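# Structure for this input, please:
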Amino acid sequence: MAEALVLLPGTMSDARLFGPQIAELSSEMAVMVAPVTRGERIEEIASGLLDLLPKRFALAGLSLGGIVAMEIMRRAPDRVARIALMNTSPLAETPVVAANREPQIVKARSGRLDEVMREQIKPSSLAPGPYRGEVLDLAMDMARALGPEVFIRQSRALQRSKDQQVTLRKCKVPALVLCGAYDATYPVKRHEFMAELIPYAHLCVLENAGYLPTLEQPDETTAALRAWLKQPFVLQ
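Sure, this is the predicted structure:
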């Protein structure tokens, strides 16, 4: 594959979210991680990234990164050679979910970011296993490194996110829809729905992963990405 692979992290995550995948794939292709930390609207984040990214690239995003990836594809479909959407959603936030972010923003502003993140990423959001504690600790470390201002900007962007169903229906490139079976935030049914929207999309459900499959099941996630990266351009 000639195109570079661009990875977009999720909410309050950085390149460490894709550490195992970077280690495996960077010997085969150019891999870059682009930040989704700048801007209070998904459109603003996507626009800023398009100024930085290569002319054409493979795009993979998880959670918020997936939402930004869909907006990038909507804005510049000719630049996205293939797309992978992981533990994410094409739907706009409901008024209830958007309103529930307000008290979290207040807590983050008042120095209680750790409390907010523990509410957002509970042990039950990950699959049970011997490494669940380590994955949770890394998630907290990433959140602390980014800090409350990034949390507030990303929360505002999610509150204002728009429906991308039409974008997915128009997708004409190889597409992977991947999720962890234990993820309650973005459940399997949501990903089945997404895969049905995208022509010829491949759905991959990892039974022993939850909200952070790149860390929970790194080998399986990398294998799914590698297969997607090798998928031929036969879509019309």
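# Is Pro199 in a helix, a strand, or coil?
coil (DSSP: H, G, I helix; E, B strand; the rest coil).
# Same check on Ala84?
Quick answer, by three-state DSSP: Ala84 is strand.
# For it, give the beta-bridge partners.
Ala84 has the following beta-bridge partners by DSSP bridges: Ala60, Leu176.
# And it, how far from Ser125?
21 Å (CB to CB, to the nearest Å). Using the backbone N, CA and C atoms, a C-beta is placed for each residue, glycine as well.
# Over to Leu52?
31 Å.
# repeat for Cys171
28 Å.
# any chance you could map the strands in this protein?
4-8, 31-33, 57-62, 80-86, 175-180, 202-206 (DSSP state E).
# Run through the neighbouring helices and strands of the fourth one.
In this structure, strand 80-86 packs against strand 57-62, helix 64-75, strand 175-180, helix 218-230, with contacts taken as 3 or more CB pairs under 8 Å, 6 or more residues apart in numbering; DSSP states H and E.
# can I get those in CSV with mean pLDDT and distance to Val96?
Formatted as CSV, the helices and strands packed on strand 80-86 follow (pLDDT from 0 to 100; distance: least, CB to CB, whole Å):
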stretch, mean pLDDT, distance to Val96
strand 57-62, 98, 24
helix 64-75, 98, 18
strand 175-180, 98, 22
helix 218-230, 97, 31
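# Compare the ones you listed and report which one is nearest to Tyr131.
helix 218-230 (9.8 Å; CB to CB).
# What residues of the closest one count as buried?
Within helix 218-230, the residues that qualify as buried are 218, 220-222, 224-225, 228-229, counting by 16 or more other CB atoms under 10 Å.
# OK, contacts around the nearest residue to Gly65 once chain neighbours are set aside?
Excluding its sequence neighbours, the residue lying closest to Gly65 (CB to CB, 6 or more residues apart in numbering) is Leu8, at 3.1 Å. By CB atoms under 8 Å, 6 or more residues apart in numbering, the contact set of Leu8 is 33-34, 36, 49, 59-62, 64-66, 68-69.
# how about these, which pair is most distant?
Leu49 and Leu62, at 15.0 Å, using CB to CB across these.
# So for the two, which residue has more residues nearby?
Leu62 (30 against 23; other CB atoms under 10 Å).
# Distance-wise, check the more buried one relative to Ser47.
20 Å.
# Which parts of this structure are helices?
19-25, 42-50, 64-75, 95-109, 113-120, 132-146, 148-159, 165-169, 188-197, 213-216, 218-230 (DSSP state H).
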